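> Can you look at this prediction? I've put the sequence above it.
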Amino acid sequence: MARFATALTTIAFILLAVAAPGQAGDRWTIIHAGRVLDVPGGRPRGKTSIIIKNERILALRKGFITGAPDASAKDASAKNPQIIDWSDKFVLPGLIDSHVHITVEISPHIRLDEVTLYDADRAFDAAVYARRTLAAGFTTVRDLGSRGYAAFALRNAIKAGKLPGPRLLVAGDMISPLGGHGDMTGYREGVFPGPLPNTCSGVADCRRAVRYEIKRGADVIKLSATGGVLSPIATGTEQEFFPDELRALVETGHLMGKRVSAHAHGTNGIKAALRAGVDSIEHGTFLDDEAIALFHDTGAWLVPTMLAGATVAKMAEIKGYFPPAIRDKARRVGPQMRDTVRRAYQAGVKIAFGTDSGVSKHGQNARELALMVAAGMPPAAVLKAATVNASQLLNRAQDIGTLEPGKYADPIATDGDPLEDITVLSGALAVMKGGVLYQP
């Protein structure tokens, strides 16, 4: 552990020292990009210079400029900017994953991990997962459920420049009904003393649970509207909270300025969460026509997480990997998600990209892109879901999602054209976040 911590610190120091703004004056960078999809959903530009001042984009100019990008600037770095040659690359905004669990990766021993690992263990694991995720081209992610304080600590360390990783929004613990998906079920009574603070029963208690997560530092609220695949109890994947409890959860989150997302597989739970006013449905596996109409009525987003479905369906066929209660749900839910995306896209439901990574391996997030294309979404629509749409869902469109002046300099580059072959984004990438080149 000590050697690992030292190595990680050294890597972080090297990455940050390359472009740390500790010198006098501003930091100027010009990227020479062969093709630029500056606003996904639109047409790519040809040869373009992306001019970056410190951590944000200043301008995009046609052709490759080499001189001073700003004649009024007095510091030496403006007269001799760093030039990054991506003249043979396809450049697009950093990808956004709206649904990850940055502190875990499921394994056959994940239930034992709950009672053997400390928050510090989770934090070290999360630092590794965050680095993999950034290297995969994901410059912003939303963590929708991590126990303890490890995800909060990681978010703060990345923001402070202590560790390499994507920009991180954190929900804290998923709020669950007592005994529901999100509670610690299947353990001997007393292993987890008393009701967990993220569980609630009744309107007043649900309000308390939301306020508790916000007190801990939550950027967003995540609730469990239905049962889950990975809960080791055979209660299915249908509605768990009563309508008045769902309304209390959503109203409290909104009252305190937080968006609210709902884990929801079953049809009735999806519709109950939408009627309660949630901002996004995570998974949405068994949506029907009425649920689709509710998406349109409420303006909520769907985050399909097809990769998680494909992953658990595969794991369900490995003998002994899951107990029977989980295995049966995984076999049923996994294959259904492809049809969910097809129907939702054809019906015009707003779709934002999310993987549920942590169920799948961190750093393989881009596999979701190909699954969405296979479900019937054109590559252009998938890229928009993973950039523009996701930035809107996260309420961060003013800063991320496109390569436009004033936004964070988060471009990524690939050798191929993802509008022709989305799988090129699963290969080697060049990655910049906030004007710092992390993956050359």
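Structure's in. What do you need? Numbers count the residues shown, from 1 in each chain.
> Residue 102: what secondary structure?
Local secondary structure at residue 102 is given as coil here, using DSSP: H, G, I helix; E, B strand; the rest coil.
> need the longest strand for the chain.
In the chain, with assignment by DSSP state E, the single longest strand is strand 82-93.
> average model confidence for it?
Here strand 82-93 scores 97 as its mean pLDDT.
> so the closest residue to residue 388 other than its chain neighbours is in which element?
Distances taken as CB to CB, 6 or more residues apart in numbering place residue 401 nearest to residue 388, at 4.9 Å, with adjacent residues excluded. No exception for glycine: its C-beta is placed from N, CA and C like everyone else's. Counting by DSSP states H and E, no helix or strand carries residue 401.
> pretty sure residue 401 is touching residue 93, no?
Yes. Look at residue 401 against residue 93 with CB atoms under 8 Å: they come within range, at 6.0 Å.
> overlap in contacts of those two?
Common neighbours of residue 401 and residue 93, counting by CB atoms under 8 Å, 6 or more residues apart in numbering, are 40, 387.
> quick one on the thing from earlier: show residues contacting the longest strand of the chain.
27-38, 40, 44, 47-48, 50, 64, 66, 139, 383, 387, 400-403, 410-418, 424, 430, 432, 437.
> in it, what counts as buried?
Neighbour counts over strand 82-93 (16 or more other CB atoms under 10 Å) mark 84, 86, 89-93 as buried.
> Same question for stretch 372-380.
Buried residues in stretch 372-380 (16+ other CB under 10 Å): 372-373, 375, 377, 379-380.
> measure residue 410 to residue 404 for me?
Distance of residue 410 to residue 404, computed by CB to CB, to the nearest Å: 11 Å.
> my bad, should have said residue 56
For residue 56, the distance to residue 404 - CB to CB - is 10 Å.
> now residue 155
Taking CB to CB, one finds residue 155 at 25 Å from residue 404.
> same deal with residue 176?
Distance of residue 176 to residue 404, given as CB to CB: 39 Å.
> And these two? Which one has more around it.
Set side by side, residue 176 and residue 404 show more neighbours around residue 176, with 27 against 12, by other CB atoms under 10 Å.
> I'd assumed the more buried one was in a strand, is it?
Yes. Counting by three-state DSSP, residue 176 is part of a strand.
> Surely residue 399 and residue 407 touch.
Yes. With contacts counted by CB under 8 Å, residue 399 reaches residue 407, the gap being 5.7 Å.
> what's the nearest residue to residue 246 if we skip its chain neighbours?
In space, residue 246 is closest to residue 276, 3.7 Å off (CB to CB, 6+ apart).
> isn't that neighbour right up against residue 243?
Yes. Look at residue 276 against residue 243 with CB under 8 Å: they come within range, at 6.7 Å.
> higher neighbour count, the two?
residue 276 (22 against 12).
> For the more buried one, which residues are in contact?
Residue 276 sits in contact with 243, 246-247, 249-250, where contact means CB under 8 Å, 6+ apart.
> Looking at those residues, which one is closest to residue 391?
Of all the contacts of residue 276, residue 391 sits closest to residue 250, with 21.9 Å by CB to CB.
> Next up, the contacts around that closest one.
Residue 250 neighbours (CB under 8 Å, 6+ apart): 223, 260, 276-278.
> Just give the number of residues close to residue 123.
19.
> how far out from the middle of the chain is the longest strand of the chain?
24 Å (CA atoms, centre = their mean, to the nearest Å).
> CA atoms only: put that strand into PDB for me.
C-alpha atoms of strand 82-93 as PDB (Å, rounded to 0.1, in the frame of the first residue of the first chain):
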ATOM      1  CA  GLN A  82       2.500  25.900 -26.400                       C
ATOM      2  CA  ILE A  83       1.600  24.300 -29.700                       C
ATOM      3  CA  ILE A  84      -0.100  20.900 -29.600                       C
ATOM      4  CA  ASP A  85      -0.100  19.100 -32.900                       C
ATOM      5  CA  TRP A  86      -3.300  17.200 -33.500                       C
ATOM      6  CA  SER A  87      -3.400  18.100 -37.100                       C
ATOM      7  CA  ASP A  88      -4.000  14.500 -38.100                       C
ATOM      8  CA  LYS A  89      -6.600  13.900 -35.400                       C
ATOM      9  CA  PHE A  90     -10.400  14.100 -35.100                       C
ATOM     10  CA  VAL A  91     -11.100  16.300 -32.000                       C
ATOM     11  CA  LEU A  92     -14.300  16.500 -30.000                       C
ATOM     12  CA  PRO A  93     -15.400  17.600 -26.500                       C
END
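> neighbouring strands for that strand, and are they parallel or not?
According to DSSP bridges, strand 82-93 forms sheet pairs with strand 28-36 (parallel), strand 411-414 (antiparallel).
> Show me the one of those that comes nearest residue 146.
With CB to CB, the closest approach to residue 146 among the strands paired with strand 82-93 belongs to strand 411-414: 25.1 Å.
> Starting from that closest one, tell me the next helix or strand along the chain.
With DSSP H and E, the next secondary element past strand 411-414 is strand 430-433.
> which helices and strands does that next one pack with?
strand 82-93, helix 119-135, strand 411-414, strand 436-439 (3 or more CB pairs under 8 Å, 6 or more residues apart in numbering; DSSP states H and E).
> Residue 263 should be in a strand, yeah?
Yes. According to three-state DSSP, residue 263 belongs to a strand.
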